[in-house]
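A.B. asks: can you look at this prediction? I've put the sequence above it.
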Amino acid sequence: MKKFGLLGAVLLLFACMNEPEKGTMIIDVNIIDVTTGAIWEHKDVVIDSGKIKTISLHQEKPLAHELMVNGTGKFLMPGLAEMHAHIPPPSINSERIEDVLFLYLANGITTIRGMLGHPIHLVLRNKAENGEILSPRIFTSSPSLNGNSVTSTEQAISMVTTYKKDGYDFLKIHPGIKREVFDQIVITANEVGIPFAGHVPIDVGIWHALQSKFASIDHVDGFLEGLVPETANVKPMDNGFFGYAFTPMADLAKIDGLVNLAKENKVWIVPTQSLFERWFAPIPADELLQQPEMQYMPTATLVDWKERKEASIDPATGFTANQWKQFDVIRKQLIKKLQDRGHGMLLGSDAPQVFNVPGFSIHREIDGLQAAGLTPLEIIQSGTINPATFFEKVDVFGQVKEGLEADLILLNANPLDNIDHLQDLAGVFRQGLWVPKATINKRLAGIAAKNSKPSEIDSDQEERNVHQLQGTWQYYSEKGKKPAPVETFKRVKSIFNGYWNMTEMNTLTNKLGYYHGGHYSVEGNEYAETITFANESSDYLMEKMLRFQFEVIGDTLILTGLNNTFNEEWIRVH
């Protein structure tokens with residue numbers, strides 16, 4: 001019995017000696033120091049409980065861990081942040097929402113800043129933090145503060161206070177807000193302690209916006225308008241797409257003053273340059289539709305994007321390729337100077353947006369920043385340490401450092417040598433969970449396959465109702481009335497597979513007036529439109545849901561407003 005007991009003890013000791021250590025070890029990897037650009041070669045990194053536990057010099061015979069990831073010849077760096085992301089609204093099913101979140105993660109994005117908040121996004125933020133869904137870390141804005149949602153100082157106080165109490169990370173500023181209302185938003189935001197970011201309302205202007213200490217100004221919004229001399233006597237509302245119409249009047253000597261003001265007031269800039277090189281650019285929509293990432297978007301979305309892009313750059317709107325080139329040159333000058341002498345850059349592309357597919361668009365954005373003159377290190381910093389600094393979370397993420405959360409990307413080559421290597425992923429760590437490239441590819445293939453299938457309809461009747469609505473419609477008149485003898489506008493609405501948009505052209509000036517759209521739903525003979533995008537002329541509709549009773553008689557669509565006064569007849573044109 002003594003011999004048996006001794007033998008058992010020896011076997012137990014042997015088993016314990018071979019039991020792997022808890023956590024994950026990345027073996028013999030090169031670490032990129034994003035603060036300096038230095039490379040720490042041949043390191044072993046241990047991840048445990050979602051955090052970086054130790055970083056040490058590589059050992060020839062490292063201790064076995066539960067998961068061993070080979071980092072030989074590879075490069076480890078913090079995951080990227082998409083600082084102008086959009087999370088789908090609750091009208092989109094939860095599976096699609098999680099697919100969008102995965103598209104970010106699949107491209108090395110481990111943090112997103114949602115720029116059009118909704119209460120459901122607070123729930124998603126918590127689920128992402130608790131590991132209940134596979135998602136980047138989420139920061140979310142409040143619902144939109146715009147010229148329609150907040151029209152008085154009293155509303156400003158109430159809404160800002162409520163959004164702070166609800167737990168949103170910051171306020172989203174949209175166009176249309178009057179200056180006195182904006183100023184009250186700023187006062188109340190400072191009192192309750194919530195930042196504000198986003199667009200620069202026309203009535204506020206870039207100079208006052210910078211002095212008001214936006215946390216970030218996105219799209220370089222308002223800067224081009226700020227370059228127009230007062231002697232030009234322009235009407236602010238005639239600025240066009242982010243100042244495009246004022247391009248010929250821009251005084252580039254005024255750039256330095258704006259840059260200095262941004263630095264003085266510590267205003268970060270999110271360029272979203274890809275938006276202006278893809279949506280608002282003289283590149284054919286059909287060419288963009290051929291890009292491989294488009295397979296991850298629903299067909300209806302691609303149809304919508306094509307229509308929106310073609311409407312935006314239609315010559316009738318005043319768009320010309322030559323003026324766009326000048327516009328693009330000025331934007332790149334602004335971006336370069338704001339990087340060199342401003343407060344700092346944050347990486348953000350605005351996705352999903354017209355031809356900006358979540359995750360993939362950040363690499364299109366990176367191309368635009370490089371074309372503006374930023375170095376690979378500056379671009380990497382804009383997506384790693386700068387966002388961590390912006391959120392005051394440098395002790396949480398943004399570097400490969402002991403004690404920080406293990407939100408990391410493992411690359412097959414050094415992105416400091418070639419920034420395109422950011423796309424050459426071996427895998428992603430999110431809160432220490434290893435997602436290898438093979439798993440990413442499998443999930444992406446599944447998303448692409450779903451988008452190639454038609455949407456499922458719950459019943460034959462519902463299918464008939466949806467089918468009746470789908471198509472392109474031209475406005476005829478108010479319900480029960482004949483159109484005016486002289487038509488001054490042409491209004492066209494497209495309804496297709498869950499998405500809709502409406503364009504109104506002034507037939508006297510041949511200029512684009514209203515343009516907005518979003519998602520729709522059908523329940524029985526009720527039709528509801530949710531507005532998720534709009535141009536300056538119709539931004540007062542943002543985030544509204546308009547409900548109608550509808551009837552289709554032949555090629556005539558009759559809409560009767562249920563929560564609005566829009567009673568209309570439309571004629572099918574396609």
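C.D. replies: Yep, that arrived.

A.B. asks: closest to the centroid, which residue in the protein?
C.D. replies: For the chain, the residue whose C-alpha lies nearest the mean C-alpha position (Cα atoms, centre = their mean) is A85; its distance is 1.9 Å.

A.B. asks: residue ranges with poor pLDDT in the protein?
C.D. replies: Scanning the chain with the threshold set as pLDDT under 70 gives 1-18, 91, 453-467, 484-486, 497, 510, 512, 574.

A.B. asks: thought I52 was touching Q399?
C.D. replies: No - distance between I52 and Q399: 9.2 Å, which falls outside the contact criterion (Cβ atoms under 8 Å). For glycine as for every other residue, the C-beta is placed from the backbone atoms N, C-alpha and C.

A.B. asks: quick revisit: is the residue nearest to the centre of the chain in a bridge, and if so with what?
C.D. replies: With DSSP bridges as the criterion, the beta-bridge partners of A85 are G114, A351.

A.B. asks: that one and Y104 touch, don't they?
C.D. replies: Yes - taking Cβ under 8 Å as the contact criterion, A85 and Y104 are neighbours in contact, 6.7 Å apart.

A.B. asks: can you work out which residues contact both of the two?
C.D. replies: Residues touching both A85 and Y104 (Cβ atoms under 8 Å, 6 or more residues apart in numbering): 112, 358.

A.B. asks: find the nearest non-adjacent residue to F548, please.
C.D. replies: In this structure, F548 finds its nearest non-sequential neighbour in L559, 4.3 Å apart by Cβ to Cβ, 6 or more residues apart in numbering.

A.B. asks: residues in contact with the residue nearest to the centre of the chain?
C.D. replies: Contact criterion Cβ under 8 Å, 6+ apart gives 104, 112-115, 348, 351, 358 as the residues in contact with A85.

A.B. asks: want to throw these into a markdown table with neighbour count?
C.D. replies: As requested, the contacts of A85 are exported to a markdown table (neighbours: other Cβ atoms under 10 Å):
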| residue | neighbour count |
| --- | --- |
| Y104 | 27 |
| I112 | 32 |
| R113 | 28 |
| G114 | 22 |
| M115 | 27 |
| G348 | 31 |
| A351 | 29 |
| P358 | 29 |
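
A.B. asks: okay, these in CSV with distance to S452 next?
C.D. replies: As requested, these are arranged in CSV below (distance: Cβ to Cβ, whole Å):
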residue, distance to S452
Y104, 21
I112, 26
R113, 31
G114, 27
M115, 29
G348, 29
A351, 21
P358, 18
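
A.B. asks: so D44 sits right up against M25, yeah?
C.D. replies: Yes - A contact is recorded between D44 and M25 when judged using Cβ under 8 Å, the distance being 6.0 Å.

A.B. asks: what residues do these two have in common as contacts?
C.D. replies: By Cβ under 8 Å, 6+ apart, the residues touching both D44 and M25 are P62.

A.B. asks: which one of the two has more residues nearby?
C.D. replies: It is M25, of D44 and M25, that has more neighbours when counted by other Cβ atoms under 10 Å, with 25 against 20.

A.B. asks: which residue, neighbours along the chain excluded, lies closest to that one?
C.D. replies: Using Cβ to Cβ, 6+ apart and skipping the chain neighbours, the partner closest in space to M25 is H65 (4.1 Å).

A.B. asks: what's the answer for F327, then?
C.D. replies: Sequence neighbours aside, T247 is the residue nearest to F327 in space, at 4.6 Å (criterion: Cβ to Cβ, 6+ apart).

A.B. asks: can you count the residues close to G176?
C.D. replies: Neighbouring residues of G176 were enumerated by other Cβ under 10 Å; the total is 25.

A.B. asks: work out for me the element it sits within.
C.D. replies: G176 belongs to no helix or strand when elements are defined using DSSP states H and E.

A.B. asks: what does Y476 give?
C.D. replies: Since the elements are taken from DSSP H and E, Y476 ends up inside strand 471-478.

A.B. asks: which neighbours does the following helix or strand past that strand have in its sheet, and in what orientation?
C.D. replies: Read in the C-terminal direction, the helix or strand following strand 471-478 is strand 489-496, with elements assigned using DSSP H and E. Note on strand 489-496: by DSSP bridges, its sheet partners are strand 471-478 (antiparallel), strand 499-506 (antiparallel).

A.B. asks: and the ones you listed: which comes nearest L252?
C.D. replies: Taking Cβ to Cβ as the criterion, L252 comes closest to strand 499-506 out of the strands paired with strand 489-496, the separation being 32.0 Å.

A.B. asks: only the buried residues of the closest one, if you could.
C.D. replies: By neighbour count, with 16 or more other Cβ atoms under 10 Å as the criterion, the buried positions of strand 499-506 are 499-505.

A.B. asks: turn those into a markdown table, including distance to F276.
C.D. replies: Below are the buried residues of strand 499-506 laid out as a markdown table (distance: Cβ to Cβ, whole Å):
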| residue | distance to F276 |
| --- | --- |
| Y499 | 23 |
| W500 | 25 |
| N501 | 20 |
| M502 | 23 |
| T503 | 20 |
| E504 | 23 |
| M505 | 23 |
